[in-house]
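**Student:** here is a sequence together with a model predicted from it:
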Amino acid sequence: MEEAFDIDTFHNQLTKAQLMATNGSRNLQKSHGCLLRKHAARGLAILLICLPSAANATSAPFGFFLSRHTLIETPQTDQNEKPIKADEPTTERKEESDRESQLRNERTVLYNLDGSVASEFAGIFFEITPDGQRVITYSVSASQWYLYTLDGTEHAALKGHFQGFTPDQQSIITYSQGKSYLYNLDGVEQATFAGTIQWGTVDGDYLIAVSDDRPGFLLYSAEGSLQATFEGFFRGFVPSEQKLVVTDNDESRLYNFDGSLDATFEGVFQVFTPDSKGVVTVTYGLEQPASRSLLYDLDGTLRATFKGEFSTFSPDGTALVTDSRESSQSWLYGLDDQQQATLKGDFIAFSRDGQSLFTYSNAGTHRYALNGQQQGLFAGRLVGITSDAQRLVLESPTQQSWLYDIDGRQLSTLEGMFVGFISDERRIITLDMEIPGLNASAEGFYRLYNLEGSLQSSFQGQLLGLTATGNQGLVLYADDGKSHLYDSLDGTEQTAFEGRVLGLTIDEQGVFIGF
């Protein structure tokens, strides 16, 4: 039998994930040369996204599974399943009746944005398929995952627990009792794998599974055929080639998909070069700076060595940035290891046009030209920048954010922590968790500002969604038990829905409400 958990626990976990999501723009973490951003996918819960730099965008070396509820734990299978007693009725009719009775108390309704009902689903909405045509729900009482068409027709019952979608977005992955199952979007089982599937090639043809029974990982074809086993930790697929990188201790290795060794690199793998013809690794030592970054060709030839830990490539792919946390310095290099500039502070980001970059030190946020000349110094840490680089938002040590123009003039003080730009960057939304009387675990106070820093509106509740781009709508769940849809430009309420928003349709023109 499955471990029991009630709907309140489920919603509390979802709420925690959503509150983390609203701070997503503030939580950036380097991993394998990409940014893993805890981000509200269409405003909902958590999506772990591998975001290559602009220079890496075409290489897309890492597959990832699309799931907006990555941080929500679902109950695991009990190995000691309780047997059915001999005197218990087990007729198919009773089982079906009990199932319908259980699911009737766990209901999801799909509403259009005008408040009209589009369809209903048994179970709790959990995910929508990437094509936007099917919905995955979970029944807590029945411990079962279901696949529905968008019109509310049950399509399939899935084995195990839903894990996500393959990188090509064409298959569903579930897991139960040491096995992973692959379904197509019609709910037809395609293959079974030993272990937990965790990565896949971008085209979805190969998948990697990790098993509790053995170290390392296993490489499968999407049809379920085992290709090879590997020792160490998987770090990435070589773009457009049937090769992968493994790191073990302070060494990285390049393998072919048949398990044969192709090359060895000193250090821990970080990222592929923008042209996918090389790799960057990092070694760690005791001297200052304590780390070095190494640039290799795929055949194992060392091309260049850089002091500091690799941060990212420039948007045009012709330079890279390293930094040292110990000395709070960053360095800008050409790929021929020629140092171009020494910068104060830890690297934050390049501007989108690639003509300047930002670092952070105790003095604040520094803006540098590519020749190392400082162009500006801003109080606070950079957390947001518009695509035209004309407006910057910086966080302060208090529950405030500061709005600057690119020339360093402070335009306004924004109350609350920066959440993001919305409505095609015409509005800024902030979150304040320190308003007296707020239930800090469940709600916040949101403010809406224009790009001049003028307050447009404010809302109290949980920010659970953003509707379509352009003149976006904000969906908040309030303590009145309703989800409210607001216009994000002027803050006027458009619609109120009974219940809690659990998700949005792919076109963001419909909301899934749970009860």
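**Tutor:** Yep, that arrived. Residues are numbered from 1 along each chain as shown.

**Student:** so what's the residue count around residue 487?
**Tutor:** Residue 487 has 18 neighbouring residues, counting by other CB atoms under 10 Å. Backbone N, C-alpha and C define where each C-beta goes, glycine included.

**Student:** rounded mean pLDDT for stretch 425-442, please.
**Tutor:** Averaging pLDDT along stretch 425-442 yields 72.

**Student:** hang on, I meant stretch 494-504
**Tutor:** 89.

**Student:** list the buried residues in that stretch.
**Tutor:** Using 16 or more other CB atoms under 10 Å as the test for burial, stretch 494-504 gives 495, 497, 499, 500, 501, 502, 503, 504.

**Student:** just checking, the third one touches residue 482?
**Tutor:** The reference is to residue 499. Yes. With contact defined as CB atoms under 8 Å, residue 499 reaches residue 482; the gap is 7.4 Å.

**Student:** distance to residue 135 and secondary structure added to the buried residues of stretch 494-504, as JSON lines?
**Tutor:** Output for those, formatted as JSON lines (distance: CB to CB, whole Å; DSSP: H, G, I helix; E, B strand; the rest coil):
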{"residue": "495", "distance to residue 135": "21", "secondary structure": "strand"}
{"residue": "497", "distance to residue 135": "17", "secondary structure": "strand"}
{"residue": "499", "distance to residue 135": "16", "secondary structure": "coil"}
{"residue": "500", "distance to residue 135": "16", "secondary structure": "strand"}
{"residue": "501", "distance to residue 135": "14", "secondary structure": "strand"}
{"residue": "502", "distance to residue 135": "10", "secondary structure": "strand"}
{"residue": "503", "distance to residue 135": "8", "secondary structure": "strand"}
{"residue": "504", "distance to residue 135": "11", "secondary structure": "strand"}
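
**Student:** turn the residues you listed into a markdown table, including distance to residue 212.
**Tutor:** Output for these, formatted as a markdown table (distance: CB to CB, whole Å):
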| residue | distance to residue 212 |
| --- | --- |
| 495 | 47 |
| 497 | 42 |
| 499 | 38 |
| 500 | 35 |
| 501 | 36 |
| 502 | 31 |
| 503 | 31 |
| 504 | 35 |
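
**Student:** which strand or helix spans residue 172?
**Tutor:** Assigned by DSSP states H and E, residue 172 falls within strand 171-176.

**Student:** which strands or helices does that strand pack on?
**Tutor:** strand 161-165, strand 179-184, strand 196-200 (3 or more CB pairs under 8 Å, 6 or more residues apart in numbering; DSSP states H and E).

**Student:** and with 6 Å instead?
**Tutor:** strand 161-165, strand 179-184 (3 or more CB pairs under 6 Å, 6 or more residues apart in numbering; DSSP states H and E).

**Student:** in its sheet, which strands sit next to the longest one, and in what direction?
**Tutor:** Just to be clear, that refers to strand 179-184. strand 171-176 (antiparallel), strand 189-194 (antiparallel) (DSSP bridges).

**Student:** same question for the shortest one.
**Tutor:** Each strand that pairs with strand 161-165, with its direction, by DSSP bridges: strand 171-176 (antiparallel).

**Student:** angle of the strand it pairs with against strand 196-200?
**Tutor:** 150 degrees (axes from the mean of the first three to the mean of the last three CA atoms, to 10 degrees).

**Student:** which parts of the strand holding residue 172 are buried?
**Tutor:** 171, 172, 173, 174, 175.

**Student:** name the next helix or strand following the helix or strand hosting residue 412 along the chain.
**Tutor:** Assigned by DSSP H and E, residue 412 falls within strand 410-415. Toward the C-terminus, strand 410-415 is succeeded by strand 417-422 as the next helix or strand (DSSP H and E).

**Student:** tell me which strands and helices that next one is in contact with?
**Tutor:** strand 427-432.

**Student:** and the strand it packs on, what other elements does it pack with?
**Tutor:** strand 417-422, strand 444-450.

**Student:** so which of those is nearest residue 285?
**Tutor:** With CB to CB, the closest approach to residue 285 among those belongs to strand 417-422: 36.7 Å.

**Student:** what's the angle between that closest one and strand 427-432?
**Tutor:** Using the same axes, to 10 degrees: strand 417-422 against strand 427-432 is 160 degrees.

**Student:** chain center to strand 417-422, what's the gap?
**Tutor:** 17 Å (CA atoms, centre = their mean, to the nearest Å).

**Student:** next, the angle from that strand to strand 444-450.
**Tutor:** Using the same axes, to 10 degrees: strand 417-422 against strand 444-450 is 50 degrees.

**Student:** direction included, what does strand 417-422 pair up with?
**Tutor:** Assessed with DSSP bridges, strand 417-422 is paired to strand 427-432 (antiparallel).
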